[in-house]
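J.: Following is a predicted model, sequence given first.
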Amino acid sequence: MEERKYNEAEDIYSKILRAGRRTYFFDVRSTKAGDYYLTISESKKFTNEDGSFYFKKHKIYLYKEDFEGFNELLKEMTKYIIDEKGLEVISERHQKDYVKEDKQPKPEANDESKENFTDVDFDDI
């Protein structure tokens, strides 16, 4: 996580989390009354057909009176996901047995109908 310097009177403290195409901004800000609240922003990078790019941003505002409930639910939900699916990231590209449509699956190790790559006939060389 990166820390941002104070850049506006309203911004108090900031951290940045870069995660692939996504960047998360955690900003402590001040209300007009001088109280603090948290904004969490997600910025996601997209590419146009011409190669230029743009960002889509989403922001939530979290106020002190909601911290406890938010924190409890966040912990519960993240624990549930990890308990159910573990820490490994699962996506098409990360699946161990994922095969692209244009590629054939690898033969099974015990498939005797296929030649074993170690069965080399040196007369063919």
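T.: Perfect, thanks for sending it. Numbers count the residues shown, from 1 in each chain.
J.: what about the protein, any weak spots by pLDDT?
T.: Within the chain, the segments meeting pLDDT under 70 span 1-10, 92-125.
J.: how about the strands in it?
T.: Along the chain, the stretches classed as strands by DSSP state E are 2-4, 11-19, 22-30, 36-47, 53-63.
J.: helices or strands up against the last one?
T.: Same thing as strand 53-63. strand 36-47 (3 or more CB pairs under 8 Å, 6 or more residues apart in numbering; DSSP states H and E). For glycine as for every other residue, the C-beta is placed from the backbone atoms N, C-alpha and C.
J.: thinking again about what came up before, using JSON lines, lay out the strands of the chain together with distance to Asp83.
T.: What follows is the strands of the chain, written out as JSON lines (distance: least, CB to CB, whole Å):
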{"stretch": "strand 2-4", "distance to Asp83": "30"}
{"stretch": "strand 11-19", "distance to Asp83": "22"}
{"stretch": "strand 22-30", "distance to Asp83": "23"}
{"stretch": "strand 36-47", "distance to Asp83": "24"}
{"stretch": "strand 53-63", "distance to Asp83": "25"}
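J.: Just put these in JSON lines and tack on distance to Gly86 and mean neighbour count.
T.: What follows is the strands of the chain, written out as JSON lines (distance: least, CB to CB, whole Å; neighbours: other CB atoms under 10 Å):
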{"stretch": "strand 2-4", "distance to Gly86": "28", "mean neighbour count": "10"}
{"stretch": "strand 11-19", "distance to Gly86": "19", "mean neighbour count": "13"}
{"stretch": "strand 22-30", "distance to Gly86": "21", "mean neighbour count": "16"}
{"stretch": "strand 36-47", "distance to Gly86": "24", "mean neighbour count": "14"}
{"stretch": "strand 53-63", "distance to Gly86": "27", "mean neighbour count": "11"}
